[in-house]
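Enquirer: next input, structure requested:
(one chain, ligands or ions: 1)
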Amino acid sequence: MEKVLEIRNLRVYFYLTEGTVKAVDGVSLDIRRGEILGLVGESGCGKSVTAQSILRILPESARIVSGEIVFSRNGKAIDLAKLDPEGEEIRDIRGKNISMIFQEPMASFSPVYTVGAQMMEAILLHENVSKEEARRRVVEMLKKVKIPNAEKVVDMYPFELSGGMLQRCMIAMAMSLNPTLLLADEPTTALDVTIQAQILYLMKELQKEYKSSILLITHDMGVVAQMADRVAVMYLGNIVETAEVFELFKNPLHPYTQALLRSIPKIGVRKTRLETIRGMVPDPYNLPTGCKFHNRCERFMKGLCDVKEPPEVEVMPGHKVKCFLYGGEKE
Ligand SMILES: Nc1ncnc2c1ncn2[C@@H]1O[C@H](COP(=O)(O)OP(=O)(O)OP(=O)(O)O)[C@@H](O)[C@H]1O
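Expert: Now for the predicted structure:
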C-alpha cells in the first residue's frame with residue numbers, strides 16, 4: 001500500500017541545563033494512505049515529540065539530531081526533517097496537507113476570536129476563496145461534525161462551548177482542508193467516557209469519508225483496539241513492536257507489549273488493583289544500555305539484553321519486533 005509518510009531512524013534530543021533527554025532515539029515508522037496507525041506507549045515515551053517533529057513544531061530546546069521524515073505531497077517526496085521550521089514550505093504543509101488535533105481543544109483556539117473566525121482564517125490562508133465561501137464551508141464542516149445550531153455556533157467564542165463541542169470544532173478545523181494526514185494526540189483523553197466514544201466514532205466516519213490517514217497517539221489500548229488498523233508500540237524513544245491491530249492483540253511478542261495488554265481492565269474480571277508494569281521507568285537523563293526495557297523485563301537475558309540493542313526482526317509479514325527472544329543476536 002502507498003505510504004504517505006516514512007520516518008527513518010529519527011533522533012530528537014532535548015538539550016537542557018540538567019542534561020540531554022533522548023526523547024526520540026531511532027524511530028522508524030510508515031503511515032500508509034487511508035489507514036489509522038495507533039502510536040501507543042506510556043507517558044513520556046516520546047509519542048508527542050514524534051508528532052511535533054513531523055510538523056516541525058518542537059519546543060526551542062529540542063533538535064532533530066538525525067533521520068528523515070519523508071512526506072509524499074502531490075507525488076513529490078519532501079524530507080520534512082530538512083525544512084526550515086519557520087519557512088514557507090512547512091507553513092504551507094501545516095493545516096493544508098498535515099493537520100493536528102490536541103488533547104486540549106483550548107490550546108488550538110484563541111479565546112479572543114470566534115470559533116468561526118478562526119476556522120475561516122485557516123481556509124483563507126491556504127485557499128483562494130471569498131470570505132462568504134469560507135464561512136459557508138465552516139458552517140458545512142460544523143454540521144458534518146454534528147454540531148447542533150451550526151449557524152449560531154460559528155459566531156460563538158470558545159468559552160461558550162463545552163469541551164466535547166469544542167473538540168468537535170477542532171476536528172472540523174483540522175479536516176476543513178481535507179489533509180492527507182491527521183495527527184491526533186490523545187484527542188479524547190480530556191473528555192468523559194460517553195463523549196470520548198462519540199468523538200472517536202466521528203473521527204472514524206470522517207476518516208473513511210475523506211480517505212485521510214491518521215496517526216492516533218494514545219496511551220489507551222482500548223482506544224487502539226477500537227480505532228486503529230495497525231499499531232506501533234513505543235518505549236523510551238523507540239518503536240519496539242509494529243503489527244496489524246488484530247495480530248498485535250492476538251499475538252503480542254514484545255514483553256513490553258504483553259505487559260501493556262495485561263494492564264487493560266477486563267469486563268467481568270474482578271481485580272482489586274489494575275496490574276501495573278513492574279519496575280521503574282528509567283531516568284530520562286540516564287537511559288539503560290542495550291534494550292531500554294531490560295531492567296523491567298520478566299524475560300531479561302543477562303549479558304545480552306543489557307549489552308546490545310536488539311535489531312528489528314520481522315517475525316511474520318508485517319509483524320516486526322525489537323527483542324532478542326525472536327533472534328537478532330548475531331547481527
Ligand atoms: N518541552 C520539553 N522540554 C524538555 N523535555 C521535554 C519537553 N517535552 C517533552 N520532553 C521530554 O521528552 C520525552 C518524551 O516526551 P513526550 O511528551 O513525547 O512523551 P509522550 O509519550 O507523548 O507522553 P505524554 O502522553 O505524557 O505526552 C520525555 O522524557 C519528556 O520529559
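Enquirer: per-residue pLDDT, the residue of the stretch 51-200 of the chain found nearest the ligand?
Expert: As assessed by Cβ to the nearest ligand atom, the ligand sits closest to P59 within the stretch 51-200 of the chain, at 3.8 Å. Heads up, the C-betas are built off the backbone N, CA and C, glycines and all. In this model, P59 is scored at 94, pLDDT.
Enquirer: next, give phi and psi for the residue nearest the centre of the chain.
Expert: Centroid-nearest residue in the chain: I217, 3.1 Å away (criterion: Cα atoms, centre = their mean). The phi/psi pair for I217 (degrees, to the nearest 10) reads phi -90, psi 130.
Enquirer: make sure I have this right: the residue of the stretch 51-200 of the chain closest to the ligand is in a strand.
Expert: No. Counting by DSSP: H, G, I helix; E, B strand; the rest coil, P59 is not found in a strand; it is coil.
Enquirer: ok, it - how many residues close by?
Expert: 8 (other Cβ atoms under 10 Å).
Enquirer: D30 versus that one, what's the distance?
Expert: Noted for P59: a distance of 26 Å to D30, by Cβ to Cβ, to the nearest Å.
Enquirer: how about L142?
Expert: In this view, L142 and D30 are 33 Å apart by Cβ to Cβ.
Enquirer: which of those two has more residues huddled nearby?
Expert: It is L142, of L142 and D30, that has more neighbours when counted by other Cβ under 10 Å, with 26 against 17.
Enquirer: near the ligand, which residues of this structure?
Expert: With Cβ under 6 Å from any ligand atom as the criterion, the chain comes near the ligand at residues 14, 16, 21, 23, 41, 43-49, 59, 61, 219, 284.
Enquirer: buried only: go through those for me.
Expert: Buried subset of the residues of the chain next to the ligand (neighbour count, 16 or more other Cβ atoms under 10 Å): F14, V21, A23, G41, C45, G46, K47, S48, V49, H219, P284.
Enquirer: so the last one: helix, strand or coil?
Expert: Read it as P284. coil.
Enquirer: per-residue pLDDT, it?
Expert: For P284, pLDDT reads 76.
Enquirer: so what's the spatially closest residue to it that is not a sequence neighbour up against?
Expert: Leaving out its chain neighbours, the residue that sits closest to P284 by Cβ to Cβ, 6 or more residues apart in numbering is V21, at 4.8 Å. Listed by Cβ atoms under 8 Å, 6 or more residues apart in numbering, the contact set of V21 reads Y13, F14, P284, Y285.
Enquirer: quick one, phi/psi of I36?
Expert: Per degrees, to the nearest 10, the backbone of I36 is at phi -110, psi 120.
Enquirer: on the three-state scheme, G67 is what?
Expert: Three-state call for G67 (three-state DSSP): strand.
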